[in-house]
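> here is a sequence with its predicted model. Questions after.
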Amino acid sequence: MNILAVGDIVGKSGVEKLKLELPKIIEEHKIDFTIVNGENAADGMGLNEKFYKMILEAGANIVTMGNHTWAKKEIFNFIDDEKLVRPANYSENNPGAGYRIAECKGKKIAVINLIGRVTMNVLSENPFIVAKKIIAEIKNQVDMIFVDFHGEATAEKIAFANYVDGTVTAVFGTHTHVQTADEQILPYGTGFICDLGMTGPKKSVIGMDIATSIRRFETSFPEKYRIAEGKTKLNSVMFCVNNETNKVNKIVRINK
């Protein structure tokens, strides 16, 4: 099976890019299942119902979130949808689910969403411990487990991937909006890449207007970010999984 993971959608232009390119990628690469991070889709911060539906219509099977999960109040209207996942290590009292299980071609696929704690400035439980508990609960119920680790620090993501190596199918990082070139299959069989990248404005500072971003760094004034305009790009990664072993045997970065 071919499982595609798409980098953070940034703004309306990112949603439109996904809508344009994802069906082509699915057909060209024979994608069976698609996971999309949508936490920056609505104005670069959060997700609204309109864009959520558009992401699903484009071909996403599961949509993951991150540190901007609660940025739009509208999220509470659809947070419990079976195709939406928010970080599992948020407070237990938060609405929504930290993982979902979907069926595809006779396989049960679990998608876990986690948020890092290094420089993220978000109140959350330990992602390592939370993941360990979830994996123990579902490992006999599913054929594959994919983890979206939404975090800033590469060290935290790499450490986590090695922590769960052999117990999950793949771990991919999100949040930094910069695709890394470290795709690899870890010693015990888990596929890994530190960050998928993003889907949004190409000439930008991680999706935001360049001039505005520079002024923020130059002056230290809290000027409001705005999404960049112009051409867009799509960053994604395909995990090729052996149907018999349910292990990743190949990882391919796909960029449009």
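Noted; the coordinates are in hand. Numbering: from 1, shown residues only.

> which stretches in the chain count as helices?
With helices called from DSSP state H, the chain shows them at 11-28, 49-58, 127-138, 154-163, 210-219.

> comparing these, which gets the lowest mean pLDDT score?
Among the helices of the chain, helix 210-219 has the lowest mean pLDDT, at a mean of 93.

> residues contacting that one, please?
203-205, 221-226, 228 (CB atoms under 8 Å, 6 or more residues apart in numbering). In short, each C-beta sits where N, CA and C put it, glycine included.

> of all those, which comes closest to Leu47?
Each of these was scored against Leu47 by CB to CB, and Tyr225 proved nearest at 16.8 Å.

> where's the closest one relative to Asp43, distance?
Distance, Tyr225 to Asp43, using CB to CB, to the nearest Å: 10 Å.

> of all the helices of the chain, which lies closest to Tyr90?
Taking CB to CB, helix 127-138 is the member of these nearest to Tyr90, at 9.3 Å.

> which of the residues in that closest one are buried?
127, 130-131, 134-135 (16 or more other CB atoms under 10 Å).

> and the furthest pair within those residues?
With distances taken as CB to CB, the most widely separated pair in the buried residues of helix 127-138 is Pro127 and Ile135, at 11.9 Å.

> convert the helix or strand bottoming out on mean pLDDT in the chain to CSV, retaining C-alpha atoms only.
Every helix and strand of the chain was ranked by mean pLDDT, DSSP states H and E. The lowest is helix 210-219, at a mean of 93. Extracted in CSV, the C-alpha atoms of helix 210-219 (Å, rounded to 0.1, in the frame of the first residue of the first chain):
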residue,chain,number,x,y,z
ILE,A,210,8.2,38.0,3.7
ALA,A,211,8.3,41.8,4.4
THR,A,212,6.0,41.4,7.4
SER,A,213,8.1,38.6,8.7
ILE,A,214,11.4,40.6,8.3
ARG,A,215,9.9,43.6,10.2
ARG,A,216,8.9,41.4,13.1
PHE,A,217,12.4,40.1,13.4
GLU,A,218,14.0,43.5,12.8
THR,A,219,11.9,45.6,15.1
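
> what's the span of stretch 97-112 from first residue to last?
Stretch 97-112 has an end-to-end distance of 9 Å (criterion: CA to CA, to the nearest Å).

> likewise for stretch 241-256?
End residues of stretch 241-256 are separated by 22 Å (CA to CA).

> again with stretch 3-22
End-to-end for stretch 3-22, by CA to CA: 13 Å.

> need the helices of the chain in CSV with distance to Phe172, can you?
Putting these into CSV (distance: least, CB to CB, whole Å) gives the following:
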stretch, distance to Phe172
helix 11-28, 16
helix 49-58, 17
helix 127-138, 14
helix 154-163, 9
helix 210-219, 25
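
> out of those helices, nearest to Cys194?
Nearest of the helices of the chain to Cys194, taken as CB to CB: helix 154-163 at 5.2 Å.

> OK, contacts around the most centrally placed residue in the chain?
Using CA atoms, centre = their mean, the residue of the chain that lies closest to the mean C-alpha position is Asn37, 3.6 Å off. Going by CB under 8 Å, 6+ apart, Asn37 touches 5-9, 63-66, 148, 150, 174, 196.

> hmm, try it at 6 Å
Under the criterion of CB atoms under 6 Å, 6 or more residues apart in numbering, the contact partners of Asn37 comprise 8, 64, 174.

> tabulate these (JSON lines), appending pLDDT and neighbour count.
What follows is the contacts of Asn37, written out as JSON lines (pLDDT from 0 to 100; neighbours: other CB atoms under 10 Å):
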{"residue": "Asp8", "pLDDT": "98", "neighbour count": "29"}
{"residue": "Thr64", "pLDDT": "98", "neighbour count": "31"}
{"residue": "Thr174", "pLDDT": "98", "neighbour count": "30"}
